[in-house]
Structure formats: structure tokens, C-alpha cells
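>>> The sequence and its predicted three-dimensional model are supplied below.
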Amino acid sequence: MDDHAYTGEMTKLRQDRSVETRRRIIEAARELFHADGFDATSADAIAERAGVAKGTVFLHAGSKERLLLMAYEAEVVETATRALAAVDPAQPLARALHGVFAHFFALYERDLPLARRFVKEQVVLPHQENPLAPVTLDFVARLAELIARRQSAGELHPEVDPALAAQISFALYYGVLVGWLSGWIPDTKTRDRMLSGSLALHWA
């Protein structure tokens, strides 16, 4: 094996180990956050569960808050894919979008205290530092594709901008989500009624 090939193989091995270490850290954090809560989970505990040094945790995540976002990333991506795949083409668009966002409500209902902290960090973290920013942008783009398909089928006025409409629909959902998690919206029935009404009004 020549030096170039050897160097390339060693680089790949280091990259593979780094990816596996990152995966173990995120999985350990996810398990501990759900089991013990965000505040009660220490970087030391995450490092011990992942089998790495404490410094390695911060090397891959930067902070515990950022690690929380990373811990939710796979679930958010999976939820978005499942929600969009479940859309019924026969449903009016506002109802279909409500169904998409309902999948995310179900995700956060599994652990409300952790969801509150997760959404709080999403709101306050600068966009360029948020590891979920690309995931959110991709989701909104996929909503725009859904809206564009409905437009092509004649359900929407041809002058509707699908990208802008997707952003507004997502903003309506996110406003209701924050209101619900913060307690301004008192229960799930009110939450669902507010989102349904907001989307219906927007798409009327």
C-alpha cells in the first residue's frame, strides 16, 4: 500500500470513529434527558454513558443545550417524513396541514418538560448556531412542495406563492406550539382548535 492510499484509509477510519462517537454521545444524551430531565443530566453522566471523556462530549456538541437539539434531530426528521407521507390528497389543504403538524404535537406530548426546554432553545439560539436549522428549512421546503402540488391541481389560486404560504403556515403552527408549551394555551383541545382555526382562516 502506498503512502497516499494509507493516509486516505487512516483518514476514513478516523472519520468513521468520529461519527460513531458522535452517535453514542447523542444516544446517551437522549436516554438521560428523557430518564432524568435536562437540568438533572450532567455532561459527566453523558460521557460515562457514552463511554467517552467529558471533553469529547463538548468537542462534538459545544454545550448541553446544543446537545439537546442534536438529540431531537433524528426524531424531528423521522416525524416530518412520516407526517408528509401520511397526507390524504382528498383532504382540503388546511386540514391536511393540520394533520401534518399534529404529528409534531404527538412527538412533544411524549415528554412535555423536555419538549418545553427543546423549543425554548430553538427559539433563543441564533439561527447560524442551531443544528436543526437545516432540518427546519428542509421541512418548510417540503411543505411548499405540497402546497405547489395542490396549486397545480387547481385547489389554490395560481398567484399564491407556495414558499411564502409554507412559511406562514409553519409560523402559525409554531406560534400555537409555543403558546401550548408555555401554558398560554391551556389544553390540547384548545391547542388543536386554535391551529385548525388559524389555518382555515389563512387558507380561506
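Nice, thanks for sending it over.
>>> Contacts only, for V77.
Going by CB atoms under 8 Å, 6 or more residues apart in numbering, V77 touches V135. C-beta here means a position set from N, CA and C on the backbone, and glycine is covered the same way.
>>> going forward, begin numbering at 27 instead of 1
Got it, first residue is 27 now, which makes that one V103.
>>> And it, how far from R168?
Relative to R168, V103 is positioned 11 Å away (CB to CB, to the nearest Å).
>>> where do the helices sit along this protein?
29-62, 69-76, 80-87, 90-111, 119-135, 138-150, 159-178, 188-208, 214-229 (DSSP state H).
>>> can you tell me which of those helices the model trusts least?
Across the helices of the chain, helix 29-62 has the smallest mean pLDDT, namely a mean of 74.
>>> Give me the spatial nearest neighbour of the residue nearest the centre of the chain, chain neighbours excluded.
In the chain, the centroid-proximal residue (CA atoms, centre = their mean) is V102; its distance is 3.6 Å. Distances taken as CB to CB, 6 or more residues apart in numbering place V161 nearest to V102, at 5.8 Å, with adjacent residues excluded.
>>> roughly how far apart are that neighbour and E101?
11 Å.
>>> now A174
A174 is 27 Å from E101, by CB to CB.
>>> again with T214
T214 is 19 Å from E101, by CB to CB.
>>> what does R75 give?
Counting by CB to CB - R75 and E101 are separated by 18 Å.
>>> for T82, same thing?
Distance from T82 to E101, by CB to CB: 23 Å.
>>> More neighbours: which of those two?
T82 (18 against 15; other CB atoms under 10 Å).
>>> Tell me if I'm right that that one and I51 touch.
Yes - using CB atoms under 8 Å, T82 is in contact with I51, at 7.2 Å.
>>> Give me the common contacts of the two.
A73, A76.
>>> Just the pLDDT for L158.
89.
>>> cool, and S89?
85.
>>> Tell me how many other residues surround it.
Other residues close to S89 by other CB under 10 Å number 14.
>>> distance of it from E104?
Taking CB to CB, one finds S89 at 24 Å from E104.
>>> Please apply the same query to A170.
From A170 to E104 the distance is 20 Å (CB to CB).
>>> List the contacts of E147.
Here E147 is in contact with E91, R92, L94, L95 (CB under 8 Å, 6+ apart).
>>> shouldn't I52 be in contact with L94?
No - at 10.0 Å, I52 does not count as touching L94 under the criterion of CB under 8 Å.
>>> how's this structure carved up into domains?
Taking automatic domain parsing as the domain assignment, the ranges for the chain are 27-88, 89-230.
>>> I'd say R48 and T82 touch.
No - the criterion here is CB under 8 Å, and R48 misses it with T82 at 9.4 Å.
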